[in-house]
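Asker: Predicted model, plus sequence, below.
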Amino acid sequence: MIDALLATLERDAEAEISRVMDDARARAAEIVAAAEQRIARRREQTLEQRTTEARAEHERALAATRAAARAQVLGARAALLDRLFARVRAELPAVAASAAYRAGLARQLEHLSVFAGDRSITVRCNPALTATLRHVIKTNGRWPIRSDSHIEAGFRLTAADGTLEIDATLENRLERLRPQLALEALAALSL
């Protein structure tokens, strides 16, 4: 009987050991599975965060590259326009010497005389234009003409009392029209 009892106790102990071991294995498997899930979530979150950071860095780099490229394009356009306007400015004396420009002087002075009214006006002009203006002014009124080598092309009207100055130089016209002319030049170049 003792042998039977010992055998029963041994079987019960082995069954209990087996059950405890099975429970321990199941619990360990649950702990490992839970840990793997946490690791997978953290890995996923880290990957998402790094992807977001990398995307943001990529967007910043792309925006900086685009801005640098745009700055180069704008710089090239500005340099091109500067060269173009320097070339046009260099041609202004030739324009002022042209028959077409000189033919329009009488009409231009007549139009500007409205602004002068009855003020005493002095006309300052490029020395090459002095004779032509003297001829035009003799036929249209009496304003003294002064040669001014600082004026490249065209003329300026100045009231003796300083209340009026009309800059009718081609340089001034070019500068006033520069924004419009620049747009037109760039539009023509982009065709």
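Answerer: Thanks, I have the structure now.

Asker: Show me the strands in the chain, by range?
Answerer: Counting by DSSP state E, the chain has these strands, from start to end: 121-125, 145-147, 155-159, 165-167.

Asker: Which of these sits closest to A13?
Answerer: With C-beta to C-beta as the criterion, A13 lies closest to strand 165-167 of the strands of the chain, at 116.3 Å. Where you see a C-beta, it was placed from the backbone N, CA and C, and this is true even at glycine.

Asker: on that earlier part again, possible to save the strands of the chain as CSV with distance to Q49 and mean neighbour count?
Answerer: Converted to CSV, the strands of the chain look like this (distance: least, C-beta to C-beta, whole Å; neighbours: other C-beta atoms under 10 Å):
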stretch, distance to Q49, mean neighbour count
strand 121-125, 72, 21
strand 145-147, 77, 16
strand 155-159, 69, 20
strand 165-167, 64, 14
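
Asker: Tabulate those in JSON lines, adding columns for mean pLDDT.
Answerer: Formatted as JSON lines, the strands of the chain follow (pLDDT from 0 to 100):
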{"stretch": "strand 121-125", "mean pLDDT": "86"}
{"stretch": "strand 145-147", "mean pLDDT": "87"}
{"stretch": "strand 155-159", "mean pLDDT": "87"}
{"stretch": "strand 165-167", "mean pLDDT": "86"}
